[in-house]
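> please work out how this folds:
(one chain, ligands or ions: 2)
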Amino acid sequence: MGACFHKALPKSLLLVGLDRAGKSCLLTWLEPPSAGVVCVAPTVGLRRTRIDWTSVEMGRVRFDVWDMAGHGRYRSLWSLYCAHVHAIMFVVDALDTPRLGVARQELWLLLHHKAFADRTVPVLVFLNKSEAATALSTRDAERALDLHQWKGPWRVEACSAVTGGGIEAGVRWLVTSLLEPLDVKL
Ligand SMILES: Nc1nc2c(ncn2[C@@H]2O[C@H](COP(=O)(O)OP(=O)(O)OP(=O)(O)O)[C@@H](O)[C@H]2O)c(=O)[nH]1
Ligand SMILES: [Mg+2]
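Numbering: from 1, shown residues only. Ligands and ions are numbered 1, 2, ... in the order given. Purely as a prediction, here's the structure:
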């Protein structure tokens, strides 16, 4: 995939995670102010948004982000987009440790989808709400989600949609992963 990466073409990102993890709030940090997103209501179904992400070193990368609703009744929609996405952003609520097991289950249901049987994509886990003193550590999140079992590149980035911390670093990693040829055995 890396070899045919073309910055001018939008990269499709699937933004998933349990309800109230903070997916839509995170996205407001990447969207232009004109997008006018107010982060109060739970997402219904899904929302697509285009983002032009720019950095001095990497230039501009255009993303089409599918912000999927996380409530149980909508989770079956996530896998409909697997075949076409270039990367997955999975958001975990660092304060919601009781539902970590459910988050793990939903993540792996997606990663075991047949769309990933003969290809892989980078998985960026945003450990959101990490500004809180009682937030789960990235190491504990890695373990709880069994991420080392993923055949492609992955990373857990602690972040906060309240302070904005960690979001830029996570997206940078994602862009770098999309630029590099994937070195994996399928
Ligand atoms: N403390 C804290 N609260 C946050 C953070 N990010 C989001 N929230 C709160 O978490 C709640 C859920 O945020 P959303 O962005 O709507 O969550 P979501 O993952 O999009 O939820 P669904 O659309 O239902 O799947 C809101 O009340 C936010 O204010 C964060 O980084 N820290
Ligand atoms: Mg939402």
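> up against ligand 1, what does this protein have?
Neighbours of ligand 1 within the chain, by Cβ under 6 Å from any ligand atom: 17, 19-25, 39, 42-43, 69-71, 91, 128-129, 131-132, 160-162. The C-beta positions use only the backbone N, C-alpha and C, and glycine is treated the same way.
> roughly how far is the helix-or-strand element of the chain with minimal mean pLDDT from the heart of the chain?
Ranked by mean pLDDT, DSSP states H and E, the weakest helix or strand in the chain is strand 46-55, scoring a mean of 91. Here strand 46-55 is found 12 Å from its chain centre; the criterion is Cα atoms, centre = their mean, to the nearest Å.
> so who does the closest residue in space to G170 that isn't next to it in sequence touch?
With Cβ to Cβ, 6 or more residues apart in numbering as the criterion, G170 has its nearest non-adjacent residue at 3.7 Å, and that residue is E157. Counting by Cβ atoms under 8 Å, 6 or more residues apart in numbering, E157 touches 124-127, 138, 166, 169-170, 173.
> hmm, try it at 7 Å
124, 126-127, 166, 169-170, 173 (Cβ atoms under 7 Å, 6 or more residues apart in numbering).
> A133: neighbour count?
Here the number of neighbours of A133 (other Cβ atoms under 10 Å) works out to 5.
> from A169, how far off is it?
Distance from A133 to A169, counting by Cβ to Cβ, to the nearest Å: 20 Å.
> likewise for K129?
From K129 to A169 the distance is 16 Å (Cβ to Cβ).
> how many other residues sit next to the closest residue to Y74 other than its chain neighbours?
Excluding its sequence neighbours, the residue lying closest to Y74 (Cβ to Cβ, 6+ apart) is G45, at 6.2 Å. Number of residues near G45 (other Cβ under 10 Å) recorded here: 11.
> okay, which residue is most central for the protein?
M89 (0.9 Å; Cα atoms, centre = their mean).
> and that residue, which of the three is it?
strand (DSSP: H, G, I helix; E, B strand; the rest coil).
> can you select the buried ones among the contacts of E157 for me in ChimeraX?
Only the buried members of those enter the following ChimeraX selection, criterion being 16 or more other Cβ atoms under 10 Å:
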select :124,126,127,166,170,173
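> now render the contacts of E157 as TSV, adding secondary structure, distance to L111 and pLDDT.
Shown next, in TSV, are the contacts of E157 (DSSP: H, G, I helix; E, B strand; the rest coil; distance: Cβ to Cβ, whole Å; pLDDT from 0 to 100):
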residue	secondary structure	distance to L111	pLDDT
L124	strand	13	98
F126	strand	16	98
L127	strand	17	98
G166	coil	22	97
A169	helix	23	96
G170	helix	18	97
W173	helix	18	96
